[in-house]
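# sequence unknown, structure follows:
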């Protein structure tokens, strides 16, 4: 079982890397072929509304918690505002944005439970790729969950969360 999970994670990382390389490589062509530029839309003061849906599955790949079989469905809307004019030059030209991201989750394993909270994020948008907008965000926040004290890994219902990730948006 553990070997299959590790193989799936390895395949997912390889696929993610391949997608990023393809997006990065196609970015220069997108600039030449597209009259639509992200830099024209994502200007200082621009408001961003967006969100993400997701699924989480706990594993024992890292660590060996007694309650590792946890799964949940997440809904994460986000609201942000661009703070700066474009910074830098070349492929890394971009701007800085601040976002608020509430999170709502429904756990289905090992039993029904909920989590709710939010994070504040800083985001750097790379604007040199036409309609493609790769970005990196990082943030911190708090959530409340009623998983605790029903699972031994959690002793309190309030948790501090940190997040960071490279991502990509197509406008």
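Perfect, I can see it now. Bear in mind the structure is a predicted one, so any value in this text is a computation, not a measurement.

# packing partners of the strand ranked longest in the chain?
Looking across the chain with DSSP state E, the single longest strand is strand 94-109. Applying 3 or more C-beta pairs under 8 Å, 6 or more residues apart in numbering; DSSP states H and E, we find strand 94-109 packed against strand 47-57, strand 71-82, strand 113-126, strand 132-145. Using the backbone N, CA and C atoms, a C-beta is placed for each residue, glycine as well.

# report the inter-axis angle for it versus strand 113-126.
160 degrees (axes from the mean of the first three to the mean of the last three C-alpha atoms, to 10 degrees).

# now do strand 94-109 and strand 47-57, the angle between them.
Counting by the same axes, to 10 degrees, strand 94-109 lies at 40 degrees to strand 47-57.

# turn the helices and strands packed on strand 94-109 into TSV, including distance to residue 92, mean neighbour count and mean pLDDT.
Output for the helices and strands packed on strand 94-109, formatted as TSV (distance: least, C-beta to C-beta, whole Å; neighbours: other C-beta atoms under 10 Å; pLDDT from 0 to 100):
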stretch	distance to residue 92	mean neighbour count	mean pLDDT
strand 47-57	20	11	90
strand 71-82	17	16	94
strand 113-126	6	18	96
strand 132-145	10	17	95
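
# pull out the buried residues from the longest strand of the chain.
By 16 or more other C-beta atoms under 10 Å, the buried positions in strand 94-109 come out as 94-95, 97, 99, 101-103, 105, 107.

# now, which of those sits nearest residue 123?
residue 97 (4.4 Å; C-beta to C-beta).

# okay, which residue is most central for this structure?
For the chain, residue 165 is the residue whose C-alpha lies nearest the centre (C-alpha atoms, centre = their mean; 5.4 Å).

# what strands line up against the helix or strand encompassing it, and which way round?
In this assignment (DSSP states H and E), residue 165 forms part of strand 158-170. Using DSSP bridges, strand 158-170 pairs in its sheet with strand 132-145 (antiparallel).

# lovely, talk soon.
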